[in-house]
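A.B. asks: Provided below for reference: sequence and predicted model.
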Amino acid sequence: MAEILRAFPQTSSKTFSDEASYPYWYSPETGIYQSKHTPVALPTEPFVDAVSYIFSHKHDGVTALIDSSSGVSIPYSQLYSSVKAIASGLHQMGVQQGDVVLISLPNSIIFPIIFLGVLSIGAIVAPMNPVSNPLEIKKQTKDCKVKFAFTTPEKVDQVSKALNLPAIPVSENITPGSIFHKIISSDPNLAPKPRISQEDTAAIMFSSGTTGACKGVVLTHRNFISMVALFVRFESSQYSFTPSKNVYIAVLPMFHIFGLAQFVTGLLSLGTTIVVMKKFNPDEMVKAISKYGVTHFPVVPPLITALTKKAKSMDVKKGNFLRSLKQVSSGAAPLTTKLIQELVQALPHVDFIQGYGMTETTAVATRGYNTKDLKNYTSVGLLAPNSEAKVVDFVSGATMPPGGVGELWLRSPGVMNGYLNNIKETMSTVDTEGWLHTGDIVYFDQDGYLYVIDRLKEVIKYKGFQISPADLESVLMSHPEVADAAVTAVTDEEAGEIPVAFVVRKKGSELSEESLMDFVSTKVSPYKKVRKVCFTNSVPRSAAGKIIRRELKMILPSRL
């Protein structure tokens with residue numbers, strides 16, 4: 001693991017000669033890292049729901065949501081009444097407190113209103129990727145007992161058959177007289193006012209399943225309140241930007257915890273304007289940023305690649321394109337150093353930060369923070385307020401001090417209530433003391449910044465040595481003819497496992513397997529060399545940009 005540390009340099013040269021010199025935010029006795037931030041006061045009353053909490057905050061925001069292509073918008077003056085109208089309509093349709101409502105929709109200015117409307121009557125939202133096929137819908141919702149569903153007109157029949165219940169079509173143009181038109185046109189004053197506890201379930205989020213079977217993550221109203229307070233609102237408070245003057249562009253999917261935290265809940269409590277893109281298109285993205293004066297762009301790695309390419313092609317320094325951008329924040333998946341460097345060089349006027357969070361922590365974990373004296377681009381940031389962490393050696397079980405590598409354990413108000421109807425998985429993930437075992441290999445530096453190295457379950461064990469796929473992917477991506485790369489383990493009779501690289505060559509490249517393996521071998525220890533290279537047209541990734549390693553082996557050539 002020493003080589004991994006060298007590959008991810010620390011931001012400070014400080015070392016600790018004895019326990020007495022450890023920083024105040026780390027306890028050598030307990031092995032616990034405390035947040036360096038001052039704790040944030042959260043509601044203590046037992047009956048507070050997430051929607052009431054979001055709308056309890058005063059601001060001077062004018063426009064809440066704008067459709068990037070049509071320009072149709074929803075002002076803040078109408079937002080809450082629209083949410084209550086949805087709540088009223090659902091109530092009249094028979095949706096009751098505790099019922100599960102499936103939302104299988106692409107990004108739209110309607111999505112947040114439906115989501116908050118469902119939550120406000122004490123019903124439970126189950127957001128799902130709108131491209132899910134009938135088999136996936138059945139599999140993911142089999143334990144949810146869905147009572148109601150919203151989807152796109154073209155998916156209505158699929159969803160209805162999969163769930164054996166009527167599905168309500170939702171389109172950009174709301175047709176007068178349609179079922180959804182009747183729901184959203186309901187009298188907001190007739191919306192029910194249920195007694196909702198902070199501990200009541202608010203949503204069932206489906207985990208990406210990149211390291212196993214897809215699981216339903218049960219999140220409570222308390223989890224959502226923590227997400228809004230400790231992630232979105234706290235991050236905003238760290239900057240001099242006026243929240244109601246900020247303009248965010250929503251390209252990240254709203255059904256994913258990252259997009260949900262930002263565009264469906266947190267930013268609406270600040271009065272921020274959100275420009276919504278239904279589907280990502282690089283050219284349309286640039287037009288939207290310019291047209292609406294977008295200041296903030298939350299992204300995942302594939303979006304950074306697209307943004308960087310557009311910035312380079314447009315020569316941002318000489319024109320006004322993208323000049324409104326103040327910050328780009330990345331999360332949900334690892335970034336290579338090369339990609340970070342290219343972005344910072346292409347957009348030197350933009351503040352770039354990374355963050356770390358999980359569906360299981362309701363996105364609450366760490367966020368980057370750059371100062372005048374410290375530009376820390378490779379770290380995922382500092383622990384969120386009210387949060388604690390441990391770094392646990394995955395062999396001995398010992399807790400590791402700053403600089404020590406191990407599995408990240410987290411404890412915060414954002415930690416999930418458990419996996420739906422899966423006690424075994426819940427108990428193996430969240431222990432009796434409330435620590436969530438993330439499965440991510442990390443270390444904290446001497447300034448309290450966190451670095452994510454790899455997934456514990458994805459470490460390749462070659463002849464007893466441990467190899468990080470992310471470490472090799474970073475090396476591969478540094479080759480000038482490599483457009484994308486992923487590494488996974490393949491069983492080998494002699495070595496146990498060998499690292500195999502899946503590589504997308506840049507257009508026009510004739511890069512060979514032998515030359516690429518030679519390139520990697522000059523940059524890593526002998527045991528870490530790539531043993532095979534498979535050239536492919538694309539690397540399978542989730543909606544959040546994470547490499548889906550289990551699918552890599554499906555495209556292995558027979559010779560392996």
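C.D. replies: Done, it's in.
A.B. asks: show me what stretch 287-305 is in contact with.
C.D. replies: 66, 68, 241, 245-249, 251-252, 258-259, 262, 273, 275, 277, 280, 307, 320-322, 324-335, 339, 343, 541, 544-545 (CB atoms under 8 Å, 6 or more residues apart in numbering). Backbone N, C-alpha and C define where each C-beta goes, glycine included.
A.B. asks: among those residues, name the ones in strands.
C.D. replies: Mapping those onto strands (DSSP state E) picks out 66, 247-249, 273, 275, 327-330.
A.B. asks: among the contacts of stretch 287-305, which ones are buried?
C.D. replies: Among the contacts of stretch 287-305, the ones that count as buried by 16 or more other CB atoms under 10 Å are 66, 68, 246-249, 251-252, 258-259, 262, 273, 275, 277, 307, 321-322, 324-335, 339, 343, 541, 544-545.
A.B. asks: domain parsing for the protein?
C.D. replies: 2-30+227-455, 74-196, 459-555 (automatic domain parsing).
A.B. asks: okay, the ones you listed in TSV with mean pLDDT and distance to Ala50 next?
C.D. replies: Formatted as TSV, those follow (pLDDT from 0 to 100; distance: least, CB to CB, whole Å):
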stretch	mean pLDDT	distance to Ala50
domain 2-30+227-455	87	7
domain 74-196	93	6
domain 459-555	86	22
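A.B. asks: which one of those lies nearest to Ser207?
C.D. replies: Ser207 sits nearest to domain 2-30+227-455 of all the domains of the chain, at 5.3 Å, using CB to CB.
A.B. asks: now do the closest one: distance to the chain's middle.
C.D. replies: Its chain's C-alpha centre and that of domain 2-30+227-455 lie 9 Å apart, by CA atoms, centre = their mean, to the nearest Å.
A.B. asks: phi, psi for Val442 please.
C.D. replies: Reported as degrees, to the nearest 10, the phi and psi values for Val442 are phi -140, psi 180.
A.B. asks: so what's it up against?
C.D. replies: 391, 405-408, 450-453.
A.B. asks: which one of the residues you listed sits in the busiest neighbourhood?
C.D. replies: Among the contacts of Val442, Leu408 has the most neighbours (other CB atoms under 10 Å), with 27 neighbours.
A.B. asks: give me the beta-bridge partners of it?
C.D. replies: Here Leu408 sits in beta bridges with Val391, going by DSSP bridges.
A.B. asks: just to check, it is in contact with Tyr443?
C.D. replies: No. Between Leu408 and Tyr443 there is no contact under CB atoms under 8 Å: 9.1 Å.
A.B. asks: shared neighbours of the two, anything?
C.D. replies: With CB under 8 Å, 6+ apart, Leu408 and Tyr443 have common neighbours 391, 450.
A.B. asks: and the domains of the chain as CSV, adding distance to Lys58?
C.D. replies: As requested, the domains of the chain are arranged in CSV below (distance: least, CB to CB, whole Å):
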stretch, distance to Lys58
domain 2-30+227-455, 9
domain 74-196, 11
domain 459-555, 33
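A.B. asks: and these: which comes nearest Ser56?
C.D. replies: The nearest among the domains of the chain, by CB to CB, is domain 2-30+227-455 at 8.0 Å.
A.B. asks: ranges for the helices of the stretch 251-400 of the chain?
C.D. replies: Using DSSP state H, counting those that start in this stretch, the helices assigned to the stretch 251-400 of the chain run over residues 257-259, 282-292, 301-314, 337-346.
A.B. asks: please identify the most buried of the ones you listed.
C.D. replies: Highest mean neighbour count of these: helix 257-259, a mean of 26 (counted as mean count of other CB atoms under 10 Å).
A.B. asks: which residues are contacting that helix?
C.D. replies: Taking CB under 8 Å, 6+ apart as the rule, helix 257-259 contacts 107, 205, 250, 252-253, 298, 300, 331-332, 357-359, 362-363, 544.
A.B. asks: now, the most widely separated pair of the residues you listed?
C.D. replies: Pairwise across these, and taking CB to CB, the largest span is found between Asn107 and Met358, at 21.4 Å.
A.B. asks: any idea how far the helix of greatest length in the chain is from the chain center?
C.D. replies: If you go by DSSP state H, the chain has its longest helix at helix 76-92. How far helix 76-92 lies from its chain's middle: 28 Å, per CA atoms, centre = their mean.
A.B. asks: any idea which of the contacts of Val442 is the one closest to Ser521?
C.D. replies: Ile453 (21.1 Å).
A.B. asks: that closest one contacts Ile441, doesn't it?
C.D. replies: Yes. Counting by CB under 8 Å, Ile453 touches Ile441, with 4.5 Å between them.
A.B. asks: could you pull up the residues touching the closest residue in space to Ser81 that isn't next to it in sequence?
C.D. replies: In this structure, Ser81 finds its nearest non-sequential neighbour in Pro188, 4.7 Å apart by CB to CB, 6 or more residues apart in numbering. Each residue near Pro188 by CB under 8 Å, 6+ apart is listed here: 81-85, 87-88.
A.B. asks: same thing but 10 Å
C.D. replies: The contact partners of Pro188, by CB atoms under 10 Å, 6 or more residues apart in numbering, come to 80-89, 117.
A.B. asks: Gly439 versus that one, what's the distance?
C.D. replies: According to CB to CB, to the nearest Å, Pro188 stands 44 Å off from Gly439.
A.B. asks: ok so, going back, which of the contacts of Pro188 count as buried?
C.D. replies: Using 16+ other CB under 10 Å, the buried members of the contacts of Pro188 are 80, 82-89, 117.
A.B. asks: stretch 340-353 spans what distance, first to last residue?
C.D. replies: 10 Å (CA to CA, to the nearest Å).
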